[in-house]
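Trainee: Give me coordinates for this.
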Amino acid sequence: MEDPNASNVTPPANSSSNLNPSPSMNTPIISLESRINRLINANQSPSPSPSRSIYSDRFIPSRSGSNYALFDLAKDGKEDGAGSYATLLRAAMFGPETPEKRDITGFSTSRNIFRFKTETNRCLDSFSPFVSDDGPGVSQSPINALRKVSRSPYKVLDAPALQDDFYLNLVDWSAQNVLAVGLGNCVYLWNACSSKVTKLCDLGADDSVCSVGWASRGTHLAVGTSSGKVQIWDASRGKRTRTMEGHRLRVGALAWSSSVLSSGSRDKSILQRDIRCQEDHVSKLNGHKSEVCGLKWSYDNRELASGGNDNRLFVWNQHSTQPVLKYSEHTAAVKAIAWSPHVHGLLASGGGTADRCIRFWNTTTNTHLSSIDTCSQVCNLAWSKNVNELVSTHGYSQNQIIVWKYPTMSKIATLTGHTYRVLYLAVSPDGQTIVTGAGDETLRFWNVFPSPKSQNTDSEIGSTFFGRTTIR
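Mentor: Residues are numbered from 1 along each chain as shown. All right, here's what the predicted structure looks like:
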């Protein structure tokens, strides 16, 4: 259908082709470069005519209408198109060493603007949009530095006759800041405040110390012997208050729960002893098929974990005589046991030379959470009470000490120095220092955990070395 409004206009006679340009197309063609220069020159005009409006491309704002005070910039009539704002933006995005801008009509081809600069010394954090090089108008965001752990012990004590026996527990640190160490047939006390050494007891030539364990208040010490007896000593007075029998063979593991003392023996049994009662023990726990070498009560004193040379990990409650939970995933002796002070029911255990794994368990849901191969015999485990970290000590084949971040199990530090298996471990009452003992007859003190008030500090802990002395 034809358009009724269309006019019947006859083309001019001189029109030779329908492809001839229209009158509006006879204007000279203006290059893109000229248009951009015209726009820049218009914005740079020192005194534009008030009757002439300045328009801008929708992607290029007009500098004449910008609020320079918002960015603390001085408006200057000689300012080029990029201006101070572009300089600030360039410095914030690419750093102060960015090449100077080129004329918009002729970029230099001698270097690539986005070329990788391999010689830069700037750290990767400086390219974050929240961090700058202290440029004007840009605030500096604080970055938490990683905590540093000294790789050297700050103190070393000689401990002659410290036995190289995986199944014994000969070192413990009390709440009163006193370290108890079993050396041969004697027990020595080392006061961490005064460095004073005291000989607590001598079992005689026919007996030897197999385990030591402080009561929660730190005033009474339990001593397990090779004859199967357990002695209770009042450390403040230096007197033995009680001797309890019941085991037929050596007592290598002890654990306190308020007034209840649990003892594990090579005779495969665990005896529960209430020191308020006249009886030597109030109950007997049977379940292990070999020597009991690890015992730990949970922080709420409701569950007792035991490990044995039968590669088994058992969990008992306060009233059971049979284990309520049984774990058999380890393939070597389980001596290393530690309850988390941060998560209820979280238990860590470590296996011996044939296993080398640290495993985590949820005793509330009876589930195996995770496992990590440490590549060395796991001798001890201890959680930090200040942060969600734990430390492990190892024997064959690397004799190392490792600080772990839980639950990622990333290594915070690996400490070396012992020349024998690191069989003994205890934590100071403030939760910052550990002491390790080995068959090389030394006790080494390491600051590995932060205090509760300085969990993220960049200062190096334990950097001072106080020398080497002897514990007896």
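Trainee: which sections of the stretch 251-400 of the chain are below the confidence cut-off?
Mentor: The stretch 251-400 of the chain contains no residues with pLDDT under 70.
Trainee: Kindly recompute the last result at 90.
Mentor: Within the stretch 251-400 of the chain, the ranges that satisfy pLDDT under 90 run 319, 396-397.
Trainee: hey, where'd the strands end up in it?
Mentor: With DSSP state E, counting those that start in this stretch as the criterion, the stretch 251-400 of the chain has strands at 251-257, 260-265, 270-274, 283-285, 292-297, 303-308, 313-317, 325-327, 334-339, 346-351, 357-362, 367-373, 378-383, 389-394.
Trainee: Show me the contact partners of the first one.
Mentor: Okay, so that is strand 251-257. 167-169, 210-216, 222, 224-225, 228-230, 261-266, 291-297, 301, 304, 306 (C-beta atoms under 8 Å, 6 or more residues apart in numbering). C-beta here means a position set from N, CA and C on the backbone, and glycine is covered the same way.
Trainee: quick one on the thing from earlier: kindly present the strands of the stretch 251-400 of the chain as JSON lines, with separate columns for distance to Asp202 and mean neighbour count.
Mentor: Below are these laid out as JSON lines (distance: least, C-beta to C-beta, whole Å; neighbours: other C-beta atoms under 10 Å):
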{"stretch": "strand 251-257", "distance to Asp202": "18", "mean neighbour count": "24"}
{"stretch": "strand 260-265", "distance to Asp202": "21", "mean neighbour count": "25"}
{"stretch": "strand 270-274", "distance to Asp202": "23", "mean neighbour count": "21"}
{"stretch": "strand 283-285", "distance to Asp202": "30", "mean neighbour count": "16"}
{"stretch": "strand 292-297", "distance to Asp202": "25", "mean neighbour count": "25"}
{"stretch": "strand 303-308", "distance to Asp202": "30", "mean neighbour count": "26"}
{"stretch": "strand 313-317", "distance to Asp202": "34", "mean neighbour count": "21"}
{"stretch": "strand 325-327", "distance to Asp202": "40", "mean neighbour count": "16"}
{"stretch": "strand 334-339", "distance to Asp202": "27", "mean neighbour count": "25"}
{"stretch": "strand 346-351", "distance to Asp202": "33", "mean neighbour count": "26"}
{"stretch": "strand 357-362", "distance to Asp202": "37", "mean neighbour count": "20"}
{"stretch": "strand 367-373", "distance to Asp202": "42", "mean neighbour count": "12"}
{"stretch": "strand 378-383", "distance to Asp202": "27", "mean neighbour count": "24"}
{"stretch": "strand 389-394", "distance to Asp202": "28", "mean neighbour count": "24"}
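Trainee: mind putting those strands in JSON lines, distance to Ser150 included?
Mentor: Formatted as JSON lines, the strands of the stretch 251-400 of the chain follow (distance: least, C-beta to C-beta, whole Å):
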{"stretch": "strand 251-257", "distance to Ser150": "31"}
{"stretch": "strand 260-265", "distance to Ser150": "35"}
{"stretch": "strand 270-274", "distance to Ser150": "38"}
{"stretch": "strand 283-285", "distance to Ser150": "41"}
{"stretch": "strand 292-297", "distance to Ser150": "28"}
{"stretch": "strand 303-308", "distance to Ser150": "31"}
{"stretch": "strand 313-317", "distance to Ser150": "33"}
{"stretch": "strand 325-327", "distance to Ser150": "35"}
{"stretch": "strand 334-339", "distance to Ser150": "23"}
{"stretch": "strand 346-351", "distance to Ser150": "24"}
{"stretch": "strand 357-362", "distance to Ser150": "23"}
{"stretch": "strand 367-373", "distance to Ser150": "24"}
{"stretch": "strand 378-383", "distance to Ser150": "18"}
{"stretch": "strand 389-394", "distance to Ser150": "14"}
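Trainee: Of those strands, which is nearest Leu179?
Mentor: strand 378-383 (14.5 Å; C-beta to C-beta).
Trainee: could you say what helices and strands the closest one packs with?
Mentor: Judged by 3 or more C-beta pairs under 8 Å, 6 or more residues apart in numbering; DSSP states H and E, strand 378-383 is in contact with strand 334-339, strand 346-351, strand 357-362, strand 389-394, strand 422-427.
Trainee: Which residues does it contact?
Mentor: 166, 335-342, 348-352, 355-358, 389-395, 421-427, 434.
Trainee: buried ones in stretch 389-409?
Mentor: 389-395, 398-404, 406 (16 or more other C-beta atoms under 10 Å).
Trainee: Could you point out which of those is nearest to Thr442?
Mentor: Closest to Thr442, out of all of the buried residues of stretch 389-409 and judged by C-beta to C-beta, is Asn399, at 11.8 Å.
Trainee: Roughly how far does the closest one sit from Arg421?
Mentor: 6 Å (C-beta to C-beta, to the nearest Å).
Trainee: joint contacts of the two?
Mentor: Ala438.
Trainee: OK, contacts around the spatially closest residue to Leu304 that is not a sequence neighbour?
Mentor: Excluding the flanking residues, the one nearest Leu304 by C-beta to C-beta, 6 or more residues apart in numbering is Trp316, at 4.5 Å. Residues in contact with Trp316 (C-beta under 8 Å, 6+ apart) are Ile270, Leu285, Glu303, Leu304, Ala305, Ser306, Gln322, Pro323, Val324.
Trainee: switch to 6 Å and redo it
Mentor: Leu285, Leu304, Pro323 (C-beta atoms under 6 Å, 6 or more residues apart in numbering).
Trainee: swap in Arg359?
Mentor: Arg359 neighbours (C-beta under 6 Å, 6+ apart): Ser349, Ser371.
Trainee: roughly how far apart are it and Gly307?
Mentor: For Arg359, the distance to Gly307 - C-beta to C-beta - is 11 Å.
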